[in-house]
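K.L.:
Only the shape, not the letters, is given here:
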DNA sequence: TCACCATTCGACTGATTAGTCAATCATTTT
DNA sequence: AAAATGATTGACTAATCAGTCGAATGGTGA
């Protein structure tokens, strides 16, 4: 693992457990096994570090959600796969999941970064609009419904992290929650 | 307004906009119009200040959610009223709403305070147990429903704060989200 | 061999911060 | 009116932190 990645990993862990301003750069460097000078060689400020970390998380999010999704598939199949991937991402990368939950609306992330982050996950939102057009979910109040769908996913992930079921039962729960989602939002 | 309340008010604003560790006590005192010594006369440490602030927020939360809820009403009526009150609380007191969202899981709040905060909102959680007893939801879904309700409330409040609709449309949106929520669990 | 540059190091600095303290000021009690 | 209690002040200090800098290292190509 490169020094840069070691710094990312260390910062991710420390920022989520101690918060941004209560995590000294010296501690990030120490946990990463590098000198502070090295940290500032890769990231000119602590702010830049957290902003890049934020984008890195958003990128792996969209990668995982889109993984194995064939554009040729019909809409319901793609939606189901993406929903499944979303929840699995939250469970498998729950350190990144936590980080995004904590810092998505934090003042440490610049407006520019937030905008760039929004661009990176745009492709996920497209399918939502497609589903509305196709009449799979109700048409009114687009933005609020989207928020509610995300809220739904977040609570499923939180629940799975707390109960830690076996893979088989876990997958069944995700499928169950998906059918509930589709029923509730149609 | 007492000096203590002025300090509370100033700290609430600064903690939510700048974060705990990026808010100097000197700045809290300045915005409150008092000397730093006065702040430390009322709160022996900065930690104590945020912990007391946390409990204060929890208390006004439970007051608002339970406002006008008659124990004589049947369960669905009470649940609907409480859901409505929760969202309205988030909109009306959105500084406190933001604060709790940011600091509910922050390491700055001590375990003792969190426990005390949990005690204060206990009466809200009872209604979930009641719903389970009454067979309104499946027994193993209690925690899941709770997570989902909280996640829903957060996204509805966030949405309402962003779009600032008229009271009539606002109430419609709250009811829409509530009906989706209920559909998910029926 | 040597020049070059990216990488790495960690001691160091200037700035900032939480909390102290000794001194007033205000109010109530005796 | 004297004494006591509590509220308020802000200059001060010891500690901490983000970011700097000059030196050391090692790889690459001429």
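P.N.:
Done, it's in. These numbers come from a predicted model, not from an experiment. Numbers count the residues shown, from 1 in each chain, chains lettered A, B, ... in the order given.
K.L.:
Return the residues in contact with the residue of chain A found nearest chain B.
P.N.:
Nearest to chain B, among the residues of chain A, is residue A:21, at 3.1 Å (Cβ to the nearest Cβ). (C-beta placed from N, C-alpha, C; glycine too.) Listed by Cβ atoms under 8 Å, 6 or more residues apart in numbering or on different chains, the contact set of residue A:21 reads B:19-22.
K.L.:
Kindly report the same for residue A:71.
P.N.:
By Cβ under 8 Å, 6+ apart, the neighbours of residue A:71 are residue A:78.
K.L.:
What strand or helix carries it?
P.N.:
Applying DSSP states H and E as the criterion places residue A:71 outside every helix and strand.
K.L.:
where along chain A do the helices fall?
P.N.:
A:3-18, A:25-32, A:36-42, A:46-66, A:75-92, A:94-103, A:111-120, A:122-133, A:142-163, A:167-185 (DSSP state H).
K.L.:
Can you say which of these is nearest to DNA strand C?
P.N.:
When these are compared by Cβ to the nearest atom of the strand, helix A:36-42 sits nearest DNA strand C, at 1.9 Å.
K.L.:
How about residues contacting the closest one?
P.N.:
Identification of contacts with helix A:36-42 by Cβ under 8 Å, 6+ apart yields A:3-4, A:7, A:25-26, A:28-29, A:32, A:49.
K.L.:
and DNA strand D, which of these contact it?
P.N.:
With Cβ under 7 Å from any atom of the strand as the criterion, those include A:25-26 near DNA strand D.
K.L.:
Of the contacts of helix A:36-42, keep whichever come out buried.
P.N.:
With burial judged by 16 or more other Cβ atoms under 10 Å in any protein chain shown, the buried subset of the contacts of helix A:36-42 is A:3-4, A:7, A:25, A:28-29, A:32, A:49.
K.L.:
what does chain A put close to DNA strand C?
P.N.:
Residues of chain A lying near DNA strand C by Cβ under 7 Å from any atom of the strand: A:3, A:33-38, A:40-42.
K.L.:
Which pLDDT value does the model give the residue of chain A closest to chain B?
P.N.:
Per-residue pLDDT puts residue A:21 at 91.
K.L.:
which one is it nearest to, not counting chain neighbours?
P.N.:
Using Cβ to Cβ, 6 or more residues apart in numbering or on different chains and skipping residues adjacent in sequence, the residue nearest residue A:21 is residue B:21, 3.1 Å away.
K.L.:
Tell me how far that neighbour lies from residue B:81.
P.N.:
Computed as Cβ to Cβ, to the nearest Å, the residue B:21 to residue B:81 distance reads 39 Å.
K.L.:
circling back to that earlier point, which members of the contacts of helix A:36-42 define the maximum pairwise distance?
P.N.:
Pairwise distances across the contacts of helix A:36-42 peak at 17.6 Å for A:4 and A:26 (criterion: Cβ to Cβ).
K.L.:
returning to what we had before: now, the most widely separated pair of the contacts of residue A:21?
P.N.:
So, the contacts of residue A:21 by Cβ to Cβ: farthest apart are B:20 and B:22, at 7.4 Å.
K.L.:
Can you give the domain ranges for chain A?
P.N.:
A:1-44, A:54-185 (automatic domain parsing).
K.L.:
so can I have JSON lines of these showing distance to residue B:165?
P.N.:
Formatted as JSON lines, the domains of chain A follow (distance: least, Cβ to Cβ, whole Å):
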{"stretch": "domain A:1-44", "distance to residue B:165": "33"}
{"stretch": "domain A:54-185", "distance to residue B:165": "10"}
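K.L.:
closest one to residue B:109 among these?
P.N.:
domain A:1-44 (11.4 Å).
K.L.:
how close does residue A:161 get to residue B:143?
P.N.:
Applying Cβ to Cβ, the value for residue A:161 to residue B:143 is 12 Å.
K.L.:
now residue A:149
P.N.:
In this view, residue A:149 and residue B:143 are 20 Å apart by Cβ to Cβ.
K.L.:
Show me which of the two is the more surrounded one.
P.N.:
For residue A:149 and residue B:143, the more surrounded residue by other Cβ atoms under 10 Å in any protein chain shown is residue A:149, and the numbers stand at 20 against 14.
K.L.:
one step back: could the helices of chain A be laid out in CSV, adding mean pLDDT?
P.N.:
Shown next, in CSV, are the helices of chain A (pLDDT from 0 to 100):
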stretch, mean pLDDT
helix A:3-18, 95
helix A:25-32, 95
helix A:36-42, 94
helix A:46-66, 96
helix A:75-92, 96
helix A:94-103, 93
helix A:111-120, 94
helix A:122-133, 92
helix A:142-163, 92
helix A:167-185, 92
